[in-house]
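In: Okay, structure incoming, though there's no sequence with it:
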């Protein structure tokens, strides 16, 4: 699998966002909250994902964008490990809830933990 993050992997649909927030399930592992919902729509990838960093915690857009860039990069490099474990199509919202900008290595390990928790929850439900 190529290690790219394509436009088709980004969650943009307002309808899917609303359904995800109102009906989605969650997994929490500080500094992340991961919301997900299984979808029946035809999509090229097993996950469509969006990243969120709160304006209240990081008032400067530069800081929010730096964190989102780190998260997208970690996701891009690690998704090849997660995709084969998924048995359905999902939409996912990853929310960063820490008040601090954590270093890359710590973000990487925590993101891995929250995705493992998500994958185990999905596997148990199937």
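Out: Alright, I've got the coordinates. Note that the structure is predicted; figures quoted are calculated from it, not measured.

In: host element of the spatially most central residue of the chain?
Out: Within the chain, one residue has its C-alpha closest to the average C-alpha position: by CA atoms, centre = their mean, that is residue 94, at 3.7 Å. Assigning secondary structure by DSSP states H and E places residue 94 in strand 90-96.

In: which helices and strands does that strand pack with?
Out: Taking 3 or more CB pairs under 8 Å, 6 or more residues apart in numbering; DSSP states H and E as contact, the helices and strands that strand 90-96 lies on are helix 14-23, strand 32-38, strand 47-53, helix 61-82, helix 104-125. (Each C-beta comes from the backbone N, C-alpha and C, glycine too.)

In: and it, how far from the chain's centre?
Out: Averaging C-alpha positions (CA atoms, centre = their mean, to the nearest Å) puts strand 90-96 4 Å from its chain's average.

In: Describe which strands it pairs with in its sheet and in which direction.
Out: Under the criterion DSSP bridges, strand 90-96 sits next to strand 32-38 (antiparallel), strand 47-53 (parallel) in its sheet.

In: Which of those sits closest to residue 8?
Out: Nearest of the strands paired with strand 90-96 to residue 8, taken as CB to CB: strand 47-53 at 7.9 Å.

In: one step back: same list (the strands paired with strand 90-96) but as a markdown table, adding mean pLDDT.
Out: As requested, the strands paired with strand 90-96 are arranged in a markdown table below (pLDDT from 0 to 100):
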| stretch | mean pLDDT |
| --- | --- |
| strand 32-38 | 96 |
| strand 47-53 | 96 |
